[in-house]
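Engineer: sharing a sequence plus its predicted fold:
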Amino acid sequence: MLHTVNKSPYERNTFDTCLAHVKKGSAILLIEDGVYAAIQGTAPAKKLEQMMKTIPVYVLQPDVEARGMQSRVLDGIKMVDYSGFVDLAAEYPTVQSWL
Amino acid sequence: MTESTGGIDMDEETSGVVKKFLYVNRKAPYGTIYALESLEVVLIAAAFDQDVSLAFIDDGVYQIVKGQQTKSINVKNFSPTYRALEGYDIEKLYVAKESMEERGLTEADLLVDVKVVSATEMADIMAGQDVILSF
């Protein structure tokens, strides 16, 4: 399953709820304000680091750049563009869009 | 005067009232329309020569982060506008210290000169206003 999160981890609990429901074999893609969870040196990033031991984590590059966060993304998180987003959606049998 | 009121001819009697306006910004810039809307209203108050202050709290601090490039998401990058506020005599920009730190940001990451304040100091700033508009 591909999980997408589009809310800031500081404003909503969407990110935490997603993390609590991710199983092995799934992946997480952070989009829109969800990309703020991927910023190094923050509490959400610490949770992601733990998650990344078993689950691949991606961020949508256009959303990272729009927010000026391009140099602050946590190491090990993969950047994808829109076509990469489509590839991920096609690769996993289901997409869970956490809103 | 007519220029700053959009061509409406206001007499000195009605246009002379200056109030202290504080705009409280608590949302990230592109996920919702709040940040852009706030900026629009800030400019309106400036056009009426009001005493304007801006506060950036919680995700609002993301609005003034350097290096925003919105070309790929096809949305207007309005962050340069914050740098233009000085030209409208809007120079009182306050940023919540705790919010900045929680997000791994420092003053050097911001695109405008701001005053970094604690929640207690921010509360005092709020207490000194005539009007508070929240976004």
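Structural biologist: It's in. Numbering: from 1, shown residues only, chains lettered A, B, ... in the order given.

Engineer: and the most centrally placed residue in chain A, how far from chain B?
Structural biologist: Geometric centre of chain A, nearest residue: residue A:30, 2.7 Å, by Cα atoms, centre = their mean. To chain B, residue A:30 is 12 Å away according to Cβ to the nearest Cβ, to the nearest Å. Using the backbone N, CA and C atoms, a C-beta is placed for each residue, glycine as well.

Engineer: excluding sequence neighbours, find me the nearest residue to that residue.
Structural biologist: residue A:59 (4.6 Å; Cβ to Cβ, 6 or more residues apart in numbering or on different chains).

Engineer: surely the one you found is in a helix?
Structural biologist: No: judged by DSSP: H, G, I helix; E, B strand; the rest coil, residue A:59 forms no part of a helix; its state is strand.

Engineer: report how many residues lie close to it.
Structural biologist: Residues lying near residue A:59 (other Cβ atoms under 10 Å in any protein chain shown) number 25.

Engineer: just to revisit the earlier point, so who does the residue nearest to the centre of chain A touch?
Structural biologist: A:4-5, A:37-38, A:57-60, A:63, A:77 (Cβ atoms under 8 Å, 6 or more residues apart in numbering or on different chains).

Engineer: do residue A:16 as well
Structural biologist: A:9, A:47 are the contacts of residue A:16 under Cβ under 8 Å, 6+ apart.

Engineer: before we move on, what about residue B:111?
Structural biologist: By Cβ under 8 Å, 6+ apart, the contact set of residue B:111 is B:64-66, B:79-80, B:82-83.

Engineer: just the buried subset of those residues, please.
Structural biologist: Neighbour-count burial (16 or more other Cβ atoms under 10 Å in any protein chain shown) applied to the contacts of residue B:111 gives B:64-65, B:79, B:82.

Engineer: how about the residues of chain B near chain A?
Structural biologist: Counting by Cβ under 8 Å from any Cβ of the partner chain, chain B comes close to chain A at B:27-31, B:58-59, B:62, B:65-73, B:75, B:77, B:79, B:102-104.

Engineer: any regions of chain B where pLDDT drops low?
Structural biologist: B:1-15 (pLDDT under 70).

Engineer: nearest residue to the middle of it?
Structural biologist: Nearest to chain B centroid, counting by Cα atoms, centre = their mean: residue B:54, 3.9 Å.

Engineer: filter the contacts of residue B:111 down to the ones in strands?
Structural biologist: Judged by DSSP state E, strands contain none of those.

Engineer: just give me the closest of these to residue A:26.
Structural biologist: Checking those against residue A:26 with Cβ to Cβ, the nearest one is residue B:65 at 30.4 Å.

Engineer: what's the closest non-adjacent residue to that closest one?
Structural biologist: Of all residues apart from its sequence neighbours, residue A:68 sits closest to residue B:65 (Cβ to Cβ, 6+ apart), at 4.4 Å.
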